[in-house]
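> below: sequence and its predicted model.
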Amino acid sequence: MKSLVIALTACAAGTSFMTPAATVGAGLGATPGNVVQPEDRAYPGEIVLSVDTSDLDRRIVRVHESISGVQGDTVLLYPQWVPGNHAPSGPIDRIAGLTVDAQGTRLAWTRDPLNVYAFHVQVPAAADSIEVEFQYLAATSAKIGRPEITHDLLILNWNEVVLYPAGFYARQIPVRATLTLPSEWKLASALEVSSSAGSQTTFKRTNLYSLVDSPVYAGRYVARLDLDPGGLAPVHLNLLADRPESLIVKPEQLAAHRALIQQAYKLFGSHHYAHYDFLYSLSDEVQQKGLEHHQSSEDGTSPDLFTDWDRTASARDLLAHEFTHSWNGKFRRPADLWTPNFNVPMQGSLLWVYEGQTQYWGQVLAARAGLRTRQQALDQLALTAAFYDKQTGKEWRPLQDTTNDEIINPRRPMPWRDWQRFEDYYSEGLLIWLDADTLIREQSKGKRSLDDFARAFFGINDGSTDPVTYTFEDVVSALNAVQPYDWATFLRQRLDSVAKPAPLDGLARGGYRLVYTETPSDYAKMSDEQRKHNNLMFSIGLEIDSKDASIVGIMWDGPAFKANLTEGDIILAVNGNAYSPDEMRQAIRNAKDSAEPIELIVKSGERFLVTHVDYHGGLRYPHLERDSATPPRLDEILSARR
């Protein structure tokens, strides 16, 4: 494998959207788009950043920057390509009120017409710094965007509240940041605190890369739990909630989260952080998300995670997934996803490793730690396998092409998710890695597994936080070192093929087969209740919102599709009776022994329609059934390591 320096230099050199120049940037009147390429050299000044989040009522975040080290033609960049999002998703539409001053004089700025994330400023020769001010206008309602600020908690992503000079690697730009919070709030972050006074916290000097990689969660109701007492590197679970009762964690629940840390160490044999903080919002009001960082993760779920523990298993692989990213994605990183700053385009060709294998280990570690039971893990895998067993989009679009999805569609709603495909590198990627794991176990007669790959590939350089990049060839070489096989062909066939069956060989080799019955698993029922959905995708090809009876998912070319139903239609009646989930299920049962189609009255936009679904296959829900003719390799995979 190439050295890190060579790999990173090659990645930067391969980026062509920026035009090299001798100055820090392109000034007023310069050629549009002439923004200097970043160089790996020390920045001659620093950014002193002050962020005030105390205006809760209006969700206005006020930003002030003192930027030294700029002279003459200068370009200030707003972060565009956000790590973890794999997309040009920097919310530049949310900034307003931008002013730039030097020595008390207002300076004119102009936005680059070809690169709207770049602002050109002519800095006077006598000035030794500039003062930049603007506001970040967080969403005031769900109609505008995902809420980041409520009256009880907030999420601060530093990439949203900083402008930085072009021409330098982000890791070379020093930053001293100060944050003002609402009175009596507490915060959690991987950033180390230098001082605090009242509602103001000053963090230790860091670099721009580390700052952006270290978000802040803050709130009125906060709890901090030690997940590795006495460990070499502190690991904490920071809970922030809408109300204090959501913060009550029972001993057995804490034990499962502590077990996650130990099971990850047993898998990877290393750690790549000085300390790690899970930032976990338990809220119906603020955005629920999962986003990886090197020494922390942004996580969010409903307020009842701990208080209604027996009904929230479907959410319990999130922390395991994001924790795995500290090894896979942040430390070991695809070469084309590493960029020198936040305005060089990323490429996601290896997201089926970055996200797909992380999805695999996230679900495996959740089972090994006891965050899910083995049966719950099997039931989740059955749902995943069934989706790809029935999915139609693979008839025309290869999995490899879905690695472009974050750039094509940054998670906007889609009318035909099943046919269009979206981010299938996550869960179809999981199935590919299950296939690889069971194949290694079979070929080595149980002596080796994908665990050995994880330790050898992600476990190197214990304690180091410096990213090490990898290529497709590196992945193949590491697999061959664990178990000789034609891994390049194995992977390319699964990544590049169309009109092929779903990659379910891992289930069969793992000792299980996918079957369908008329009764959902307890886990599937729990998942539907949590999401407030009625999942009938494997029978009539519909998923229905339980709150308003609207169609939220439909299988391309399935029975409901052929009845001209579509996403957004609202089902009013089933066979002459008012719609309810039970009424729909009973109609499907009755149709199994009848030649008559299921009659639906539907509101489609402003029209009311009567349509008929010609389906007679009964209710169908996926399960995994044990095949005693094959060793229970899947059970071994899900078992805790001792």
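Perfect, thanks for sending it.

> would you confirm that residue 382 contacts residue 620?
No. Residue 382 lies out of contact with residue 620 (CB atoms under 8 Å); the separation is 11.9 Å. (Each C-beta comes from the backbone N, C-alpha and C, glycine too.)

> out of the two, which sits in the busier spot?
Neighbour count, other CB atoms under 10 Å: between residue 382 and residue 620, residue 382 has more, with 24 against 18.

> and that one, which helix or strand is it part of?
Following DSSP states H and E, one finds residue 382 within helix 374-390.

> cool, residue 547 as well?
Secondary structure assignment for residue 547, by DSSP H and E: no helix or strand.

> quick one: residues contacting residue 437.
360, 449, 450, 506, 633, 637 (CB atoms under 8 Å, 6 or more residues apart in numbering).

> the fifth one against residue 510, yeah?
Spelled out, it's residue 633. Yes. Counting by CB under 8 Å, residue 633 touches residue 510, with 4.5 Å between them.

> what sits in contact with each of those two?
Counting by CB under 8 Å, 6+ apart, the residues touching both residue 633 and residue 510 are residue 438.

> more neighbours: these two, which one.
More crowded of residue 633 and residue 510, by other CB under 10 Å: residue 510, with 28 against 23.

> which residue is the nearest non-sequential neighbour of the more buried one?
Nearest non-adjacent residue to residue 510, counting by CB to CB, 6 or more residues apart in numbering: residue 634, 3.3 Å away.

> how far is the helix or strand hosting that neighbour from where the chain is centred?
Assigned by DSSP H and E, residue 634 belongs to helix 633-638. In this view, helix 633-638 has its centroid 26 Å away from the chain centroid, taken as CA atoms, centre = their mean, to the nearest Å.

> now swap in stretch 606-620 and tell me
That offset, for stretch 606-620, works out to 35 Å (CA atoms, centre = their mean).

> list the buried residues in that stretch.
Residues 611, 613, 615, 616, 619, 620 are the ones in stretch 606-620 that count as buried (16 or more other CB atoms under 10 Å).

> and of these, the nearest to residue 439?
The closest of these to residue 439 turns out to be residue 620 (CB to CB; 29.0 Å).

> so who does the closest residue to residue 614 other than its chain neighbours touch?
Leaving aside its chain neighbours, residue 614 sits nearest to residue 597 (4.4 Å; criterion: CB to CB, 6+ apart). Residue 597 sits next to 591, 612, 613, 614, 615 when contact means CB under 8 Å, 6+ apart.

> out of those, which are inside strands?
With strands taken from DSSP state E, the overlap with the contacts of residue 597 comprises 612, 613.

> isn't residue 147 up against residue 285?
Yes. Contact criterion CB under 8 Å: residue 147 and residue 285 qualify, at 6.1 Å.

> neighbour-wise, which of these two wins?
Counting neighbours by other CB under 10 Å for residue 147 and for residue 285 shows that residue 147 has the greater number, 21 against 15.

> secondary structure element for residue 90?
Applying DSSP H and E, one finds residue 90 in no helix or strand.

> is it true that residue 259 lies in a helix?
Yes. Checked against DSSP: H, G, I helix; E, B strand; the rest coil, residue 259 lies within a helix.

> and for it, the neighbour number?
As a burial measure, residue 259 scores 17 neighbours (other CB under 10 Å).

> and the residue nearest to it when sequence neighbours are not counted, what does it touch?
Take residue 259 and drop its neighbours on the chain: the residue closest to it by CB to CB, 6+ apart is residue 369, 4.0 Å away. Contact partners of residue 369, counting by CB under 8 Å, 6+ apart, are 256, 257, 259, 260, 262, 263, 320, 640.

> farthest-apart pair in those residues, please.
For the contacts of residue 369, the maximum inter-member distance is 14.1 Å, found between 257 and 640 (CB to CB).

> neighbour count winner among those two?
In terms of neighbours (other CB under 10 Å), residue 257 is the more surrounded of residue 257 and residue 640; the figures are 21 against 14.

> looking at it, that one is touching residue 237, isn't it?
Yes. Counting by CB under 8 Å, residue 257 touches residue 237, with 5.8 Å between them.

> quick one: the helices in the stretch 301-450 of the chain?
Counting by DSSP state H, counting those that start in this stretch, the stretch 301-450 of the chain has helices at residues 318-324, 351-354, 356-369, 374-390, 405-408, 417-420, 427-443, 450-458.

> for residue 280, which of the ones you listed is the nearest?
That would be helix 318-324 among these, by CB to CB, at 7.2 Å.

> show me which residues of that closest one are buried.
Across helix 318-324, burial judged by 16+ other CB under 10 Å covers 318, 319, 320, 321, 322, 323, 324.

> CA-only coordinates of that helix in PDB, if you can.
Below are the C-alpha coordinates for helix 318-324, written out as PDB (Å, rounded to 0.1, in the frame of the first residue of the first chain):
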ATOM      1  CA  LEU A 318     -27.200   3.600  15.400                       C
ATOM      2  CA  LEU A 319     -24.500   4.100  18.000                       C
ATOM      3  CA  ALA A 320     -22.700   0.900  16.900                       C
ATOM      4  CA  HIS A 321     -22.800   2.100  13.200                       C
ATOM      5  CA  GLU A 322     -21.400   5.600  14.000                       C
ATOM      6  CA  PHE A 323     -18.800   4.200  16.400                       C
ATOM      7  CA  THR A 324     -17.500   1.800  13.800                       C
END
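
> what mean pLDDT does it get?
Average pLDDT, helix 318-324: 98.

> what residues does it touch?
237, 257, 260-261, 264, 276, 278, 280, 290-292, 297-299, 301, 358-359, 361-363, 365-366, 369, 371.

> how far out from the middle of the chain is that helix?
Here the centre of helix 318-324 is set off from its chain's centre by 10 Å, with CA atoms, centre = their mean.

> again, but for stretch 540-559
How far stretch 540-559 lies from its chain's middle: 25 Å, per CA atoms, centre = their mean.

> what's the weakest-modelled helix or strand in this protein?
The helix or strand of the chain with the lowest confidence, counting by mean pLDDT, DSSP states H and E, is helix 4-13 at a mean of 34.

> quick one: name whatever helix or strand follows that one.
Past helix 4-13, the next helix or strand by DSSP H and E is strand 47-55.

> buried stuff in that next one?
Neighbour-count burial for strand 47-55 flags 47, 48, 49, 50, 51, 52, 53 (criterion: 16+ other CB under 10 Å).

> what is the rounded mean pLDDT of stretch 578-594?
Here stretch 578-594 scores 97 as its mean pLDDT.

> give me the helices and strands touching the helix holding residue 634, please.
Under the contact criterion of 3 or more CB pairs under 8 Å, 6 or more residues apart in numbering; DSSP states H and E, helix 633-638 touches helix 356-369, helix 374-390, helix 427-443, helix 505-509.

> still on that earlier bit, in TSV: the contacts of residue 437, plus pLDDT and distance to residue 492.
Putting the contacts of residue 437 into TSV (pLDDT from 0 to 100; distance: CB to CB, whole Å) gives the following:
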residue	pLDDT	distance to residue 492
360	98	19
449	98	22
450	98	18
506	98	17
633	98	24
637	98	24
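
> picking up where we left off before, just give me the closest of the contacts of residue 597 to residue 126.
Nearest to residue 126 among those is residue 613, at 76.0 Å by CB to CB.

> for that closest one, give the beta-bridge partners.
Beta-bridge partners of residue 613, counted by DSSP bridges, are residue 598.
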